[in-house]
Each structure stands twice: as structure tokens, then as C-alpha cells.
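Visitor: compute the structure for the input listed below.
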Amino acid sequence: MKIAVFGGDKRMLFAAKAFYDEGHEVLLTGFDSLVSLCGIRVCTVQEAATECDIAVLPVRPVTDDKLFAPFAKHPISIAGMIDRIGQKPLFSGSAFLLKPYDAGEIYDYSADEIFTLRNAELTAEGAVGLILNEYEGAVYGSDILVTGYGRIGKVLSGYLRMMGAKVTVAARHQSDRDMIACRGMTAADYPEINWRRYQVIVNTVPAEVIDRDAIAQMREDVFIIDLASVPGGVDFSAAKDRELTCIHALALPGKTAPLTAGIIIKDTIMNILKREELLG
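Guide: Prediction:
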């Protein structure tokens, strides 16, 4: 099977290598500074689209109607690229972003349970690394609030608790708050949060749960991380007005663990190919 990988960050390079190591012929495009990669052929978009059996796009494939390809010398039109790919199977993260374009069958690997669970682990690990590198205090003994108890919130709160932090997790559902308490952490609903208590606050909710009123109550030296996708869950304007440290940490797996993130993408796509009986 000939697999073409189109653009993306470093994790897509490692995904391409993982496909190659598994015995597939791989074409790579959108990485113009590369001549070759471990036997992988680097080629033009047209060559990759024409020759491939399946196409693989990044976790976030589109930015302003262009392929997300930070290592490409020139912008790549997503519409033109998809037109060249035609009706071949297309694997992409965030497939809803491709709805405006005339694509064939799209398989959203980022919606697959294997991907979301393993990616949550990498995101949580990256968030811990960000705290260790950027927060001027120690995790041990610090009052840390995690907003949201989804996949990332569950993993992250557990990591922080094991490191000796005094962890509070905010969750809307009583069943989640009961589970948080059973795991030895403090559970809170949003209206009852004492925002000034916390030295570190990490948001995982893709909706604005940390609004201007919450920001106004925080201590001056608070360290805020927002892990939610754009537009995030923090009122960044309010944080800027108060000159608080606030980092919107997007796509952490691609920055902190691109090798493992790439292998996860490869594993997920191979599982989908087997499940959909697309393997030759």
C-alpha cells in the first residue's frame, strides 16, 4: 500500500516513518527542507496525490483554506490538494474542517477511541512538563485546580496528585464529583470555586468556564494553562488586562512527544483500515 502524508508538524514525520517501518511505501509532502527521510520519498503535492492509495492529513488539517504545513516553503491550497486526491480514502484529524471541500470518503482518526485515549495521556504529560518548566513553584504542596473531568482531566489530575499537589477538580456532574472524591482529590462545582486559593489552574474544557469574573478573583501570581482547542476555555483578554501568566498550550503532543504521537496516528489509521477492510 502506498501512503501519502501531507504536511503537519513533527508528529506527521514520525507517523510517516512508522508507516515506512511497517513495510509500506510512503510519500511525504509539505516538508520542503527535507530531501529524504530514512528511505521515504519526499515529493510534490501533485505527485503524492496522484500516486498514493490513501492520503493522510494532519490532526488539524486546515488553516485559512490552506493545508497546515509549517515546514512548507509556500502555502498549499487545501481545495486544490483534495481535488487532486479525488475519491481515494482520506484520513484526517478534525474531519469536520474538511466539510466545505469536495473530498471523497474521510476517516477521522482523531475521533477514534484509541487515538483520544492515548492522546489524552500525552497531553496530560505535556501539561505536567509545562508546569515543571514554567511555573516557579514546586508541584509538591501546591494548590492546583483542574477544570473539567474528561479524558485529559482524569489523567492530569491523577498525575498531579501522585506528585504531591493538593488537587481540586471542577466538574458539573455529581457522578464525576463523586469519582473525584473517591480518588482522594477535592471535587467542586464551578459556582463554589474559590479562585484565589489556587497557584496553578489548568483548563481542559472547550468552553469558557474561566470567565472575566473568575479571572478577577485570582491571585496575582497564578499560573494558568489552557489545554482546550481554539477558542479555549479562558477569557484571555481578562487575563491580559490583569497581566496574569496564561498559556494557551495547543497541540502539546506534537511539541512534547512527537515520536509517540506519530506512532499513535499510525496505529489508529492501521486499525481503521483493518476495521473498514481497506487493506489490500
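Visitor: phi, psi for the nearest residue to Gly39 once chain neighbours are set aside please.
Guide: In space, and not counting its chain neighbours, Gly39 is closest to Tyr20: 6.4 Å by Cβ to Cβ, 6 or more residues apart in numbering. From N, CA and C alone the C-beta is placed, and that goes for glycine too. With angles defined as degrees, to the nearest 10, Tyr20 sits at phi -60, psi -40.
Visitor: got it, and Gly164?
Guide: Torsion angles, degrees, to the nearest 10, at Gly164: phi 90, psi 10.
Visitor: quick one: contacts for it?
Guide: Gly164 makes contacts with 139-141, as judged by Cβ atoms under 8 Å, 6 or more residues apart in numbering.
Visitor: where's it relative to Val128, distance?
Guide: Applying Cβ to Cβ, to the nearest Å, the value for Gly164 to Val128 is 12 Å.
Visitor: check what pLDDT the most centrally placed residue in the chain gets.
Guide: Centroid check for the chain by Cα atoms, centre = their mean gives Ala251 as the closest residue, at 3.9 Å. On the pLDDT scale, Ala251 is placed at 92.
Visitor: please apply the same query to Gly280.
Guide: 64.
Visitor: Three-state assignment for Val167, please.
Guide: strand (DSSP: H, G, I helix; E, B strand; the rest coil).
Visitor: check contacts around it.
Guide: Val167 neighbours (Cβ under 8 Å, 6+ apart): 144-146, 157, 160-161, 185-186.
Visitor: cool, Pro61 as well?
Guide: Pro61 sits next to 7, 67-68, 78, 92-94, 97-98 when contact means Cβ under 8 Å, 6+ apart.
Visitor: now intersect the residues you listed with the strands, please.
Guide: Of the contacts of Pro61, the ones assigned to strands by DSSP state E are 67, 92.
Visitor: out of the contacts of Pro61, flag the one nearest to Ser110.
Guide: Ranked by distance to Ser110 (Cβ to Cβ), the contacts of Pro61 are led by Gly93 at 3.5 Å.
Visitor: residues near the closest one, how many?
Guide: Neighbour count for Gly93, taken as other Cβ atoms under 10 Å: 22.
Visitor: so who does it touch?
Guide: Contact analysis of Gly93 by Cβ under 8 Å, 6+ apart lists 57-61, 108-110.
Visitor: okay, those residues in JSON lines with pLDDT next?
Guide: Putting the contacts of Gly93 into JSON lines (pLDDT from 0 to 100) gives the following:
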{"residue": "Leu57", "pLDDT": "98"}
{"residue": "Pro58", "pLDDT": "97"}
{"residue": "Val59", "pLDDT": "96"}
{"residue": "Arg60", "pLDDT": "94"}
{"residue": "Pro61", "pLDDT": "96"}
{"residue": "Asp108", "pLDDT": "97"}
{"residue": "Tyr109", "pLDDT": "98"}
{"residue": "Ser110", "pLDDT": "97"}
